[in-house]
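>>> need coordinates for the following:
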Amino acid sequence: MQNMIKRNTRGHWLKFVYLKFITFMLIGASSYSFAIDWPQELSGELGTIIVYQPQPEKLNGNILTGRAAMSLELPGKPEPIFGVFWFSSTISTDRSNDSAVISGISVTKVGWPDSKDAQEEKFTKFVEAELVSSSFTTSLSKLTASLTTAEKVSNSLAEIKNDPPNILFKEQLAVLLSFDGEAIFKDIEKSTYQRALNTPFAVVKVKNKEVYYLTSGSLWYQSTKVLGPWHITHTPPADLVAMMPKDDNEEDSTPVTKVPEVVTVTKPTELVVSDGKPQWTSLLGGKLLYVNNTETPWLRELSSGDMYLLLSGRWFKSKAIKGPWAFVRPDKLPKSFKDIPPDSDIGGLRTSVAGTDEAEQAVLDAQIPQTATIKRSEAKLTVEYDGKPKFVAIKGTDVEYAVNTNAQVLKINGKYYAVDNGVWFVSEQAQGSWQVADNIPESEIAQIPASSPVYNTTYVKVYSSTPEVVYVGYTPGYLWSYPYYGVPIYGTGWYYPPYYAGGWYYPRPPTWGLHVGYNPWTGWNVGVSWGGPFFRVGVSWGGGYHNHYRPCCGGFYGGYRGGHNTNINVNGNINIGNSVSIGNKNHIQRNIGNHVSNNKFTNSRVGTRHNNLYNRVENKQRNATKLKAKKNYQQGRVTTKRANNVFADKRGNVVRHENGQWQNRSNKSWSTIENKRPNTQINNQNIRKRNNGSFDRGSMNRDLRGRQMGNMQRGGQGRMQQMRRGR
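Sure thing, here's the model as predicted:
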């Protein structure tokens, strides 16, 4: 825990890391070899088809529709023939390796603006036949970025709750010990101790005594009151120490120079910690100030005097630390927030400022499903209840949900549906037997409001099925991450009471208390205000605490998997299979806005943006292996001979961006498209006539920007993978 809030000269180390990251992203495409780049080519009897990066127009579940520019190279012809095709396809995604496969292509229209050839009909039939029996692999980053101009859902979630939590400030190293209500203890069998159930931390009580212990695995605290104050102890009971799980990642030899204060709460709370008094740094010529000696995004706008905090993706403002704090919609922030330089110490905050490119990309990412093909024969589910199954009606719906289980089980129209790690199951009985569901009652499930703890199940879908497999997917809402007025936020803001009837304790997913922040490259991360090591032992230690609906980041309740998971029993046995390791050997070092680790991005377990639940070790067996390609079925091959700068506009014209200018393809040659402005003296009717069929520069510039951002994101991901492998 040494130097846990080290800042290396007011955060300049982080600025260096950020600048290096931008450099990696800019050079990544050229220095790191990708097998999923554009354009790609297909070969057939008539010639070679060059397909440029598709331009999506709509994404509905796993069905992608759009258009793409192409060129047809014919033997003996010196010039290719450029064309456009519109298509509908199925996408299969894998966030863990940033890939997406476009297959099941149906060509709906083909155009040849570059040709007057009498053989156009022949060309069209050839293209349609080749595309329908082909697939293309692209990066998920590029697909996400290219959705910029696609039809997308812009409505925000109406029932999201944005009341601020209790916000506490400390000017010294501290961790937040959060109980979900009044502390509940349960006996650990064959011992003289009781384990606290309603906290993810390792808190124990001596039976029949007001003596309490708290441990991070290396540090031990003692108190005579469960809510503290807590004091460090160097003589914890030897038998209690022996019961604790060992963490191979913990550096016990590291001297502890700063002992964290323990702040105990029983209500939703966030803790803002600074290393001494807040140190304000000027930005944007004095328009904004930010605190550079804290992990919490903490800003002040000078013109109004308002302070702003960013917690779980939500902005709150106040004139003073003592409050009151009020929620501010991300699209109503001061204009100066949009002007935060991307390469500044707080550049990462732009992801949480509506209207920035960074925020737009994060919101687009939430539209792309993570997909999988599930083998019926290998997908198994067992649901355990604490006693007889107990269901509670969800107000305003025709759905009931089970409260006394760690699984997410719904009762709808007399049948039972359960979600496990992104897969729907169905059964005639609450206890099973469970089979992978071919379909689900979508209209009823869609009624589930954000105020329900099973709301996240509405983001898991069944796409189609065969007698052998079922095609499924989920979007980030399943992991409690939502687009909200142009930015990503974490959690619904609702408080979900736990279930406890004297047996197992079932916690619900919280929005507050985790110090959750968004990393533009990895997604949501748990900070817990430097409390990582406390989580590392807490959730894996015995005592009747039953893992339940998982939140985002691998940091709370043993990680996120959306329901059924490993138990923690009450007889004192230790189950460390799901123990939490935040940051491996190093704690997460985050500066406001960037949330970048100081150990070469080895915190891959923490982030969610590139996490694939279907690829977890415990889930892989049920995944279907890739089906063998049919005869004459082609996989698009990357061609390095051509630049990925050719586009199709909405009218079916082929254009390219060359040397900073747009050019149109016509009569087998390129001509520059002049940037003309309408003469204001011409009447409106003439303006309409003149612009009819004209080049939509704004739309094409957005397509170009999306393609460029996709290259940057993909380049950054490649560099992250190299660094993680120690290359």
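>>> ok, and what's touching stretch 701-709?
Under the contact criterion CB atoms under 8 Å, 6 or more residues apart in numbering, stretch 701-709 has outside partners 53, 55, 142, 145-149, 357, 361, 644, 647, 657. Quick note: C-beta positions are derived from backbone N, CA and C, even for glycine.
>>> pLDDT value on residue 27, please?
We note a pLDDT of 34 for residue 27 in this prediction.
>>> what does the one 5 residues further on give?
Among the per-residue scores, residue 32 holds a pLDDT of 34.
>>> can you flag which of the contacts of stretch 701-709 belong to helices?
Helix and strand membership here follows DSSP state H; of those, those in helices are 142, 145-146, 357, 361.
>>> export these to TSV and append columns for distance to residue 312.
Rendered in TSV, the data for the ones in helices among the contacts of stretch 701-709 read as follows (distance: CB to CB, whole Å):
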residue	distance to residue 312
142	29
145	25
146	29
357	22
361	19
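>>> farthest pair within those residues?
The most widely separated members of these, counting by CB to CB, are 142 and 357 (14.9 Å).
>>> okay, the two: which has more neighbours?
The residue with more neighbours, out of residue 142 and residue 357 and counting by other CB atoms under 10 Å, is residue 142; that gives 26 against 17.
>>> can I get the CA coordinates of stretch 69-89 in PDB?
C-alpha atoms of stretch 69-89 as PDB (Å, rounded to 0.1, in the frame of the first residue of the first chain):
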ATOM      1  CA  ALA A  69     -18.600   0.800 -51.800                       C
ATOM      2  CA  MET A  70     -16.900  -1.900 -53.900                       C
ATOM      3  CA  SER A  71     -14.900  -2.300 -57.100                       C
ATOM      4  CA  LEU A  72     -14.900  -5.100 -59.600                       C
ATOM      5  CA  GLU A  73     -11.600  -6.000 -61.200                       C
ATOM      6  CA  LEU A  74     -12.000  -7.900 -64.400                       C
ATOM      7  CA  PRO A  75      -9.200  -9.900 -66.200                       C
ATOM      8  CA  GLY A  76      -7.700  -7.800 -69.000                       C
ATOM      9  CA  LYS A  77      -9.400  -4.600 -67.900                       C
ATOM     10  CA  PRO A  78      -7.000  -1.900 -66.800                       C
ATOM     11  CA  GLU A  79      -9.500   0.000 -64.700                       C
ATOM     12  CA  PRO A  80     -11.800  -1.400 -62.000                       C
ATOM     13  CA  ILE A  81     -15.500  -0.700 -62.100                       C
ATOM     14  CA  PHE A  82     -16.800   0.900 -58.900                       C
ATOM     15  CA  GLY A  83     -20.200   0.200 -57.500                       C
ATOM     16  CA  VAL A  84     -22.300   0.200 -54.400                       C
ATOM     17  CA  PHE A  85     -24.400  -2.500 -52.700                       C
ATOM     18  CA  TRP A  86     -27.000  -2.300 -49.900                       C
ATOM     19  CA  PHE A  87     -27.200  -5.300 -47.600                       C
ATOM     20  CA  SER A  88     -28.700  -7.000 -44.600                       C
ATOM     21  CA  SER A  89     -26.500  -9.300 -42.500                       C
END
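>>> for residue 671, give its distance to residue 662.
Taking CB to CB, to the nearest Å as the measure, residue 671 and residue 662 are separated by 10 Å.
>>> same deal with residue 243?
69 Å.
>>> could you list the domains of the protein?
Dividing the chain into domains by automatic domain parsing, as the record does, gives the ranges 40-154+630-724, 172-369+475-547+579-629, 370-474.
>>> in JSON lines, list those domains along with distance to residue 160 and mean pLDDT.
Compiled in JSON lines, these are given as follows (distance: least, CB to CB, whole Å; pLDDT from 0 to 100):
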{"stretch": "domain 40-154+630-724", "distance to residue 160": "14", "mean pLDDT": "82"}
{"stretch": "domain 172-369+475-547+579-629", "distance to residue 160": "6", "mean pLDDT": "82"}
{"stretch": "domain 370-474", "distance to residue 160": "6", "mean pLDDT": "96"}
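>>> nearest to residue 161, of these?
Residue 161 lies closest to domain 172-369+475-547+579-629 among those, at 3.3 Å (CB to CB).
>>> burial count for residue 708?
13.
>>> wait, is it part of a strand?
No. Residue state for residue 708 (DSSP: H, G, I helix; E, B strand; the rest coil) corresponds to helix; a strand is not indicated.
>>> gap between it and residue 702?
Remark: distance between residue 708 and residue 702 (CB to CB) = 11 Å.
>>> cool, residue 640 as well?
From residue 640 over to residue 702 the distance is 26 Å, taken as CB to CB.
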